[in-house]
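> no FASTA, just this:
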């Protein structure tokens, strides 16, 4: 599929406003066309033939194509993104976050402020109560400060309490941080985190699936939480009551087949009822140190040396060297390796097996590969 243009983003925004169409339906519809804009030049029969799309929804799409009821809204969103120096990334764009694309219901369009890097795929989300104890504050600062030394990005929700402490601790240690909002990028919530919001942009990224002008309504935050966990390899919950928002993030992480970690707490403290329950029911791994998080990912993370020795690749074949040169310490999926090297997946697997046998690469769960 070719790179999307502003017209395609406008089409996605229009589709998002049509009643009865969620992110999965939009993804299903657009995937049947070369461009998002092409959806509006189709007919009712073609649209209704797409799996999951009823004749009623197909008629609503064609009505939008003729009446342009939401066109001005969509165009205004593009103008606001330009005015606020924000980016837009669609599900079909090459720079869409790889891990987020793998969840059940990834947003089809995200607004970004700052820069999302490929290295941010090495992310751990840190979430918790808005009313932490001193114990929770201390361990959030300690664990975040330690894991950012392994070039791990800290993802959280910019909320009061543990979220704020996690972001601040990452920035204090010159690490990267990503904040996922439950409002539009122009609506900073809570307002006292305005300075933190702009500090994150300087060395990280702020992300939202919500259009400009969207208020931080309570209904937005559970949906926001699936993105926090979806961007991350694992989620660490530090202090949460049994019905806290951080628990919802943990449940999303479990559904997404991501790792979940929890810090045990005082059995008499309501801030620990949720985390203790996650541990008690074996839905989260009990952790007390950063090493217990890192060990779950094998040799994926390491402190980068500024004086790494050059690697002797003279023993490698032409194809092995071609593959090895595009692999680094950021895990790559076999499909990505195949695409970058323009080799068949089966060929790549043969050469990767040889590279692994020679000690040059290491295979991780999920057909991910890194330099050894």
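Noted; the coordinates are in hand. Quantities reported herein were computed from a predicted structural model and do not represent experimental measurements.
> Leaving out sequence neighbours, find the closest residue to residue 322.
In space, and not counting its chain neighbours, residue 322 is closest to residue 341: 5.5 Å by CB to CB, 6 or more residues apart in numbering. Any C-beta I mention is one placed from the backbone N, CA and C, and that applies to glycine too.
> Let me see the contact set for that neighbour.
Contact partners of residue 341, counting by CB atoms under 8 Å, 6 or more residues apart in numbering, are 319, 322, 323, 326, 348.
> what residues does stretch 241-257 touch?
Taking CB under 8 Å, 6+ apart as the rule, stretch 241-257 contacts 102-104, 125, 127-129, 157, 159, 162, 221-222, 225-226, 228-230, 232, 234-235, 237, 239-240, 259-260, 262, 270-271, 273-274, 277-278, 283-284.
> buried residues in the strand or helix carrying residue 62?
Residue 62 is located in helix 55-67, with elements delineated by DSSP states H and E. Buried positions in helix 55-67, judged by neighbour count with 16 or more other CB atoms under 10 Å: 57, 58, 60, 61, 62, 64, 65.
> quick one: which of these is nearest residue 197?
residue 64 (33.8 Å; CB to CB).
> per-residue pLDDT, residue 318?
Looking at residue 318, its pLDDT is 85.
> Please disregard the earlier target; I meant residue 350.
90.
> How about residue 107?
Per-residue pLDDT puts residue 107 at 97.
> ok, now the one 4 residues further on?
As predicted, residue 111 sits at a pLDDT of 98.
> For burial, what's the neighbour tally of it?
Neighbour count of residue 111, defined by other CB atoms under 10 Å: 25.
> next one: residue 364
The burial count for residue 364: 16, using other CB under 10 Å.
> next one: residue 8
Residues lying near residue 8 (other CB under 10 Å) number 24.
> That one falls within a strand, correct?
No: using DSSP: H, G, I helix; E, B strand; the rest coil, the assignment for residue 8 is helix, not a strand.
> Residue 100 versus that one, what's the distance?
Per CB to CB, to the nearest Å, residue 8 is found 19 Å from residue 100.
> Repeat that for residue 327.
Distance of residue 327 to residue 100, computed by CB to CB: 22 Å.
> now do residue 267
Residue 267 is 36 Å from residue 100, where distance means CB to CB.
> Which of the contacts of stretch 241-257 fall in strands?
Counted as lying in strands by DSSP state E, out of the contacts of stretch 241-257, are 125, 127, 128, 234, 235, 237, 259, 260, 262.
> Pull the contacting residues for the second one.
Applying CB under 8 Å, 6+ apart, one finds that residue 127 lies in contact with 156-157, 162-163, 166, 225, 228, 235-238, 240, 245-246, 249-250.
> For the residue nearest to residue 322, give its distance to residue 324.
Per CB to CB, residue 341 is found 10 Å from residue 324.
> residues near the residue nearest to residue 199 when sequence neighbours are not counted, how many?
Once flanking residues are discounted, residue 199 sits nearest to residue 171: 5.6 Å by CB to CB, 6+ apart. Burial of residue 171 is recorded as 20 neighbouring residues (other CB under 10 Å).
> doesn't residue 178 make contact with residue 171?
No: with contact defined as CB atoms under 8 Å, residue 171 does not reach residue 178; the gap is 11.5 Å.
> who touches both of those two?
With contacts defined as CB under 8 Å, 6+ apart, the residues shared by residue 171 and residue 178 are 200, 204.
> mind giving me the domain ranges of the chain?
Split into domains by automatic domain parsing, the chain comes to 6-83, 113-297, 318-371.
> Figure out which of these is closest to residue 96.
Checked against CB to CB, the stretch from those lying closest is domain 113-297, at 9.1 Å.
> so how far is the closest one from its chain's centroid?
Centroid separation for domain 113-297 versus its chain: 12 Å, with CA atoms, centre = their mean, to the nearest Å.
> does the closest residue in space to residue 226 that isn't next to it in sequence count as helix, strand or coil?
Take residue 226 and drop its neighbours on the chain: the residue closest to it by CB to CB, 6+ apart is residue 252, 4.4 Å away. At residue 252 the chain is in helix, as set by three-state DSSP.
> How much space separates residue 252 from residue 224?
For residue 252, the distance to residue 224 - CB to CB - is 10 Å.
> May I ask which helix or strand encompasses residue 25?
Taking DSSP H and E as the criterion, residue 25 maps to helix 23-30.
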